[in-house]
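> A predicted structure for the sequence below; I have some questions about it.
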Amino acid sequence: MSLNRNRKRTRTRTRRAATAALTVAMAAALGAAGAGASSAGTTAPQTRQIASSTLGSDYRITLTALRSTEDEYAASVRLQVYTQSGGAWKESDRVTVGDVDGWFWYPLTGKGAVCEFSAASTEPAPLTVSLLLTPSLGCSEPAHYVVRDGRVYAG
């Protein structure tokens, strides 16, 4: 009887060891998959152009929403200025409107996201931007900029 009991204990230990080894292997595989998913978040963020204006042949100004790689609901807004060079538009400056990841992605990329986006074809070119915070909060306070010689300055 004691021989059967020892065999049973040995089989139980063998099963436990196999289960433990399988668990460790699965955890390692899942960890590697998770690491791959984490590094996928370091790729370029999802972007969406939300406004654009061309001021004569001098400047093209765009507002682009950049989805956060850290928080799926957050976004940043990039204001870019382009100037003509060799018959093509070339970026001459860029600034972040508001705080990095300081906007909400869905309101920013939805209907009515741009409350105000105005510029004038003068030198320097005044520029005003106001964006939707959320439907319940409404629009942000206007941010004022000046574009001079292809560069963006706080205005």
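Received the coordinates, thanks.
> Can you list the strands that the longest strand seen in the chain pairs with?
Secondary structure of the chain per DSSP state E: the longest strand is strand 74-85. Sheet pairing of strand 74-85 (DSSP bridges) gives strand 59-67 (antiparallel), strand 88-97 (antiparallel), strand 103-104 (antiparallel).
> I'd like those strands laid out as CSV, including mean neighbour count and mean pLDDT.
The way it works is simple: take the backbone N, C-alpha and C, and place the C-beta from them, glycine included. Formatted as CSV, these follow (neighbours: other CB atoms under 10 Å; pLDDT from 0 to 100):
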stretch, mean neighbour count, mean pLDDT
strand 59-67, 21, 96
strand 88-97, 14, 96
strand 103-104, 24, 97
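> Let's verify residue 108: helix, strand, or coil?
Three-state assignment for residue 108 (DSSP: H, G, I helix; E, B strand; the rest coil): helix.
> Equivalent analysis for residue 69, please.
Here residue 69 takes the coil state, with states given by three-state DSSP.
> wait, it sits on residue 45?
Yes. At 5.4 Å, residue 69 and residue 45 qualify as touching, with contact defined as CB atoms under 8 Å.
> between those two, what contacts are shared?
Contact criterion CB atoms under 8 Å, 6 or more residues apart in numbering; residues shared by residue 69 and residue 45: none found.
> Please enumerate the strands of this structure.
Under DSSP E, the chain gives strands at 47-55, 59-67, 74-85, 88-97, 103-104, 114-119, 125-134, 138-139, 143-148, 151-154.
> Just name the most buried of those.
Most buried of these by mean neighbour count (mean count of other CB atoms under 10 Å) is strand 103-104; its value is a mean of 24.
> residues making contact with that one?
In contact with strand 103-104 (CB under 8 Å, 6+ apart) are residues 65, 73-77, 131, 133-134.
> Turn those into CSV, columns for distance to residue 141.
Formatted as CSV, the contacts of strand 103-104 follow (distance: CB to CB, whole Å):
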residue, distance to residue 141
65, 18
73, 21
74, 19
75, 18
76, 17
77, 14
131, 10
133, 10
134, 14
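> remind me which residues of this protein are low pLDDT?
1-42 (pLDDT under 70).
> so what's the nearest residue to residue 117 once chain neighbours are set aside up against?
Closest residue to residue 117 apart from its sequence neighbours, by CB to CB, 6 or more residues apart in numbering: residue 51 at 4.5 Å. Applying CB under 8 Å, 6+ apart to residue 51 gives the contacts 62-63, 114, 117.
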